[in-house]
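In: Below are the sequence and a predicted model; questions follow.
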Amino acid sequence: MPCSARHDRRMIEFSDVVKRYPGGHEALSGVNLTITRGEMVFLTGHSGAGKSTLLKLIAAIERPTSGIITVSGQNLSRIRRSALPYFRRNIGLIFQDHKLLYDRSVYDNVLLPLHIQGMTGHDAGKRVRAALDKVGLLNKERARPITLSGGEQQRLCIARAIVSRPPLLLADEPTANLDEDYARDLMDMFKAFNQVGVTVILASHNQDMIRRYGGRTIALANGRVAP
Amino acid sequence: MKAWLENNRHSLGLAVKRMADAPIASLFSILVIGIALSLPAGSYVALDNAGRLAGKLSPKPEISLFLKADLSQDQGRRLTQRIASLTDVAKARFVSRDEGLKHLQDAGLSNLTAGLDENPLPDVIIVTAKDSDAKAMERLAEQLNTLPGIDHLLMDSDWVRRLAALLDFGRDLVWLLAGLLGLALAAITGNTIRLQIYAAREEIEVSRLIGATNRFIRRPFLYFGVLQGLLGGLLGWLLTSGGIYVLEGSLARLALAWNGRIDLHGLGPAEGAILLGLSALLGLIGAFLAVSHSLRRML
């Protein structure tokens, strides 16, 4: 069954995907791409090239105007609204603006995804500490996110994204506002996740970084995949 | 199951926290709900007490026939049987003059009659009509008045019927009031929840992005609505009881001036439980509507 085996390898598939926003701006105009499981992919391009839109389409935060998007075998144009939460639990999202909740502790921020999935008690606590340990924030679990530095907040966002061990990580400009050292730390983390089998997609315009880490690059220009 | 319980515990905790985070706003909402509930609850109590008072009087309209003094008791009894067989009469009861005197003495009025050598009371037939409608009563009274041996006739039921009609009207009014204020309660809850949702916008957005279902997001708000409704209901109950406590003294003095006694009844445990249940339910409905509406709009 070579065909089915190949299908199983596919994590994300775009075919002729167009995204037009209300008002007529076309963010993506006919994108075709395939990303296999376990890949580490850099999305590059100028701001406005459509990187963020592409990530949002993968996470089903936006819906395509036309075309077909398949993520882990699920056709996102057909996914029912009630199935969306369960679909999103398989994706770790890392946002440029962190989207942390500032009214609760670092620990509780990381606990939220587990709590949403109905996981509580001792097991959840162990997982939260493991995730915080991985990003080096274990000693700050009681702190409020607002007291953390920019790099620490970004790492907290990563801890929240990986705590439920999703097979797919999406990060939108995770190193954009960070010092060189911090950025390198983060990239090492992503590399480590990728090495244990997680598919990682990073939107970035930091060419030096991309060169250093190797991996596949998908360049976007004017809403299309550049050849 | 354990996760479900934990989830609910957490939602309840979140609802309490949200309430405590805005104590003044919460207090005002609860106060408004409490006052809104105390109006129908208080009217209900007032009506209930009036009903009890009226219930001590005969609710069935009766006609009293006073017999002529020259009629013997046997003749009186025969007349009673004849009246009882009339088609419009439900019941006819003969009360002899001796019985009448005994009633009077039992009622504590013996000093009124003590000085008399002879019983001044006439024999009486008390007639209960089948149809308590005013016109039918009138017709029956006319018919009875033509019978021989009857001195005069008294229809003392008019004001009782008026009172009953008034109580019916009051009952309808209470229901109307309860309906309107129930609606207001749901609206108040909906509005506070809307503000809550606005304040928790970020949290809702983030939760959704990381896979929270609508049910998960909705739950703490529902708890909030129920909690607010319950506290409002409790306050309404307290206000009603407080009102009775305040009025009891002056009412008792008023009753005393009329040589009577009034026992005011407040909301009983069952009625209080119904009040709390209804206020919680209305809070839940208001919260559910507000959250569902907001979640649809936030998509």
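Out: Great, that's in hand.

In: Count the residues that sit near residue 145.
Out: Using chain A. Here the count is done by other C-beta atoms under 10 Å in any protein chain shown, and residue A:145 has 20 residues near it. C-betas here are computed from N, CA, C, even on glycine.

In: Can you look at chain B instead?
Out: With other C-beta under 10 Å as criterion, residue B:145 counts 12.

In: Show the contacting residues for it.
Out: residue B:153 (C-beta atoms under 8 Å, 6 or more residues apart in numbering or on different chains).

In: In contact with the residue in the stretch 51-200 of chain B that chain A sits nearest to, which residues?
Out: Using C-beta to the nearest C-beta, the closest approach of the stretch 51-200 of chain B to chain A is made by residue B:200 at 9.1 Å. Counting by C-beta under 8 Å, 6+ apart, residue B:200 touches residue B:18.

In: Ramachandran coordinates for it?
Out: phi -100, psi 20 (degrees, to the nearest 10).

In: can you pull the pLDDT of it?
Out: For residue B:200, the pLDDT comes out at 85.

In: What distance do you get for it to residue B:192?
Out: In this view, residue B:200 and residue B:192 are 12 Å apart by C-beta to C-beta, to the nearest Å.

In: what ranges do the helices span in chain A?
Out: In chain A, the helices defined using DSSP state H lie at A:2-9, A:51-58, A:84-88, A:106-116, A:121-134, A:150-162, A:180-195, A:207-213.

In: need those helices in TSV with mean pLDDT and distance to residue B:266, can you?
Out: Formatted as TSV, the helices of chain A follow (pLDDT from 0 to 100; distance: least, C-beta to C-beta, whole Å):
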stretch	mean pLDDT	distance to residue B:266
helix A:2-9	54	71
helix A:51-58	93	60
helix A:84-88	93	49
helix A:106-116	94	44
helix A:121-134	92	46
helix A:150-162	92	53
helix A:180-195	88	66
helix A:207-213	80	75
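
In: Mind checking those for the one nearest to residue B:15?
Out: helix A:106-116 (15.4 Å; C-beta to C-beta).

In: Thought residue A:89 was touching residue A:59, still the case?
Out: No. Counting by C-beta atoms under 8 Å, residue A:59 does not reach residue A:89; the two are 11.2 Å apart.

In: I'd like to know how many residues surround residue B:268.
Out: Neighbour number of residue B:268 under other C-beta under 10 Å is 11.

In: how many neighbours does the nearest residue to residue A:51 once chain neighbours are set aside have?
Out: Excluding the flanking residues, the one nearest residue A:51 by C-beta to C-beta, 6 or more residues apart in numbering or on different chains is residue A:203, at 4.0 Å. Residue A:203: 26 surrounding residues under other C-beta under 10 Å.

In: Do I have it right that residue A:203 meets residue A:49?
Out: No. The criterion here is C-beta under 8 Å, and residue A:203 misses it with residue A:49 at 9.5 Å.

In: Would you mind listing the residues in contact with residue A:167?
Out: Residue A:167 touches A:11, A:37, A:72, A:90, A:197, A:198, A:199, counting by C-beta under 8 Å, 6+ apart.

In: Residue A:125 too?
Out: Residues near residue A:125 by C-beta under 8 Å, 6+ apart: residue A:111.

In: quick one: it from chain B, how far?
Out: Applying C-beta to the nearest C-beta, to the nearest Å, the value for residue A:125 to chain B is 12 Å.

In: cool, and residue A:37?
Out: Counting by C-beta to the nearest C-beta, the gap from residue A:37 to chain B is 20 Å.

In: my guess is that residue contacts residue A:13, does it?
Out: No. Shown here, residue A:37 and residue A:13 do not form a contact pair, counting by C-beta under 8 Å, at 11.7 Å.

In: Those two: which is more packed in?
Out: The residue with more neighbours, out of residue A:37 and residue A:13, is residue A:13; 18 against 15, by other C-beta under 10 Å.

In: per-residue pLDDT, the nearest residue to that one once chain neighbours are set aside?
Out: Once flanking residues are discounted, residue A:13 sits nearest to residue A:70: 4.5 Å by C-beta to C-beta, 6+ apart. Note on residue A:70: pLDDT of 94.

In: got it, and residue B:78?
Out: 87.

In: Check which residues of the helix or strand where it lies are buried.
Out: If you go by DSSP states H and E, residue B:78 is part of helix B:73-84. Neighbour counts using 16 or more other C-beta atoms under 10 Å in any protein chain shown place B:76, B:79, B:80, B:83, B:84 of helix B:73-84 among the buried residues.

In: Pull the number of nearby residues for the nearest residue to the fourth one once chain neighbours are set aside.
Out: Spatial nearest neighbour of residue B:83, excluding adjacent residues (C-beta to C-beta, 6+ apart): residue B:92 at 4.4 Å. Burial measure for residue B:92: 20 neighbouring residues, criterion other C-beta under 10 Å.

In: need the contact list for the residue positioned nearest the centre of chain A.
Out: Closest to where the C-alpha atoms of chain A average out (C-alpha atoms, centre = their mean) is residue A:170, at 1.1 Å. Residue A:170 is in contact with A:55, A:58, A:59, A:91, A:92, A:93, A:94, A:201, counting by C-beta under 8 Å, 6+ apart.

In: per-residue confidence for it?
Out: With respect to pLDDT, residue A:170 scores 96.

In: again, but for the one 3 residues further on
Out: At residue A:173 the predicted local distance difference test score is 88.

In: Now list the buried members of the contacts of residue A:167.
Out: With burial judged by 16+ other C-beta under 10 Å, the buried subset of the contacts of residue A:167 is A:11, A:90, A:198, A:199.
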